[in-house]
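Student: sequence isn't available, so here's the structure alone:
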């Protein structure tokens, strides 16, 4: 039988042999939006790549951004055009809010989710990792 002192010394030795914890990298890393302002229009150049990373329809993400900004706009190819002057910081902040509310599971935090419209107005976030179904406010 192993004594408690022997066990503790073996445990300390095991902890010393473990590799140090490096920087923790998230599975879902959204790149910073490339925002170009030209006149009274704002162009988000990498909008399609951001939507592909989030696994969401670009029209849905743009609808959220436009509602929050109180502006109009559309998607032209891979670029989102907002008919308003907006700062890059504001666009990045709104994308982070979208990720928090409409991409990450509120139960387990996994980005593996599907956003579905269940009934006429009810939108739910279905998590593929834990199986949770959470209602989200429509926009």
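Tutor: Yep, it's here. Please read these numbers as outputs of a predicted model, since none were measured by experiment.
Student: ok, now how distant is residue 39 from residue 80?
Tutor: According to Cβ to Cβ, to the nearest Å, residue 39 stands 16 Å off from residue 80. Every C-beta, even on glycine, is put in place using the N, C-alpha and C of the backbone.
Student: immediately after the host helix or strand of residue 7, which helix or strand?
Tutor: Using DSSP states H and E, residue 7 falls within helix 4-17. Using DSSP H and E, the helix or strand that follows helix 4-17 in sequence is strand 35-38.
Student: downstream of that following strand, the next helix or strand is which one?
Tutor: Downstream of strand 35-38, the next assigned helix or strand under DSSP H and E is strand 41-44.
Student: what residues does that next one touch?
Tutor: Applying Cβ atoms under 8 Å, 6 or more residues apart in numbering, the contact partners of strand 41-44 are 33-37, 50, 79-86, 91.
Student: more crowded one of residue 39 and residue 80?
Tutor: Shown here are residue 39 and residue 80; by other Cβ atoms under 10 Å, residue 80 has more neighbours (27 against 7).
Student: quickly note the distance from that one to residue 110.
Tutor: The gap separating residue 80 from residue 110 is 26 Å, by Cβ to Cβ.
Student: domain ranges for the protein?
Tutor: 28-103, 106-139 (automatic domain parsing).
Student: what's the most buried one of those?
Tutor: Compared across these, domain 28-103 shows the largest average neighbour count, a mean of 16 (mean count of other Cβ atoms under 10 Å).
Student: end to end, how far does it reach?
Tutor: Domain 28-103 has its terminal residues 10 Å apart, counting by Cα to Cα, to the nearest Å.
Student: identify whichever of the domains of the chain lies nearest to residue 19.
Tutor: domain 28-103 (22.4 Å; Cβ to Cβ).
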